[in-house]
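In: Provided below for reference: sequence and predicted model.
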Amino acid sequence: MINYLTFDGENSKDYGVFISGAGTFNAPERNATTVEVAGRNGNLTIDDGTYKNVPLSYPAFIYQNFADRAAAFRNVLLSRKGYKRLEDTYHPDEYRMARYSGGFEAEAVAELYGGHFTLNFDCMPQRFLKSGEKAVSVSDGDVLNNPTLQIAKPLVTCTGNGTISINGIEIVVAGVTDYINIDCDLQEAYHDDLSSSMNSNITLTNGEFFELTSGENTIEYTGFSAVEIVPRWWIV
């Protein structure tokens, strides 16, 4: 099988660019601080439960029409700003959020018919599961099972007004005419996007947004006509 990647919706195969993915199986380093304590053997490690970004490099190659295809794909990569969705055929059930971090140094061979280069990305530590992108309709009392060992921060969409609790964390919604999105990763509430802020329509009873821990998560609510959850499962 010839492998390829997709970055911000652009498929490298469309540019005649194919990849090797030996480095795609690496895992990120944990964020931890080591402290030496006088009078104590060994070091004290303070782990805040998060991970560092991870560099990702793809050896890439073009078989033919190298000059034109390399120029076209180079312009695609360098035109993107910030973190974008990155997928590859080595991990068809996952995606990352990444930014293109390298320049573009290509080496042509065979009189410009073919050539090779390296594509360098700076990736957020999460490998998001595509199965976690699907909105799940839940009823009061339902249990949502997190199949991973990582804590997920879901997107919760509530229609109407009411009170919703997940694992004992409670949020009250009031003054909504149709629906509200509660984004537990961004810690924001909005209608369509962040430009339509609805933070004033929610009250965090426990001062916290929802988290979906590994295993079973119990959802309870009253008042709403419908609740959907995009769980955002991820692994490292």
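Out: Received, thanks.

In: would you map the helices across the protein?
Out: In the chain, the segments counted as helices under DSSP state H are 66-79.

In: mind checking pLDDT for the residue of the chain positioned farthest from its centre?
Out: Distance from the C-alpha centroid of the chain, by C-alpha atoms, centre = their mean, peaks at G39 (42.7 Å). Looking at G39, its pLDDT is 79.

In: what's the answer for A110, then?
Out: So, for A110, pLDDT stands at 66.

In: any low-confidence regions in the chain?
Out: Along the chain, the parts satisfying pLDDT under 70 run over 110-112.

In: redo that, cut-off 90
Out: Applying pLDDT under 90 to the chain picks out residues 1, 21-23, 25-27, 32-49, 67, 102-113.

In: gap between the residue farthest from the centre of the chain and A32?
Out: 22 Å (C-beta to C-beta, to the nearest Å). All C-beta spots, glycine's among them, are computed from the backbone N, C-alpha and C.

In: count the neighbours of Y190 for me.
Out: 17 (other C-beta atoms under 10 Å).

In: before we move on, what about N53?
Out: If we define neighbours as other C-beta under 10 Å, then N53 has 17 of them.

In: hang on, I2 packs against F18?
Out: Yes: with contact defined as C-beta atoms under 8 Å, I2 reaches F18; the gap is 5.0 Å.

In: more neighbours: those two, which one.
Out: F18 (19 against 9).

In: surely the more buried one meets A60?
Out: Yes: proximity of F18 to A60 meets the contact threshold set by C-beta under 8 Å, at 6.8 Å.

In: so for the two, which residues contact both of them?
Out: Residues touching both F18 and A60 (C-beta atoms under 8 Å, 6 or more residues apart in numbering): S12.

In: show me what contacts D178?
Out: 159-160, 191.

In: at 7 Å instead, please
Out: By C-beta atoms under 7 Å, 6 or more residues apart in numbering, the contact set of D178 is T159.

In: surely E105 is in contact with L119?
Out: No: between E105 and L119 there is no contact under C-beta atoms under 7 Å: 10.7 Å.

In: how close does the nearest residue to D48 once chain neighbours are set aside get to I46?
Out: Closest residue to D48 apart from its sequence neighbours, by C-beta to C-beta, 6 or more residues apart in numbering: N31 at 5.4 Å. Taking C-beta to C-beta as the measure, N31 falls 9 Å from I46.

In: which of these two has more neighbours?
Out: For N31 versus I46, the count of surrounding residues by other C-beta under 10 Å is larger for N31: 13 against 9.
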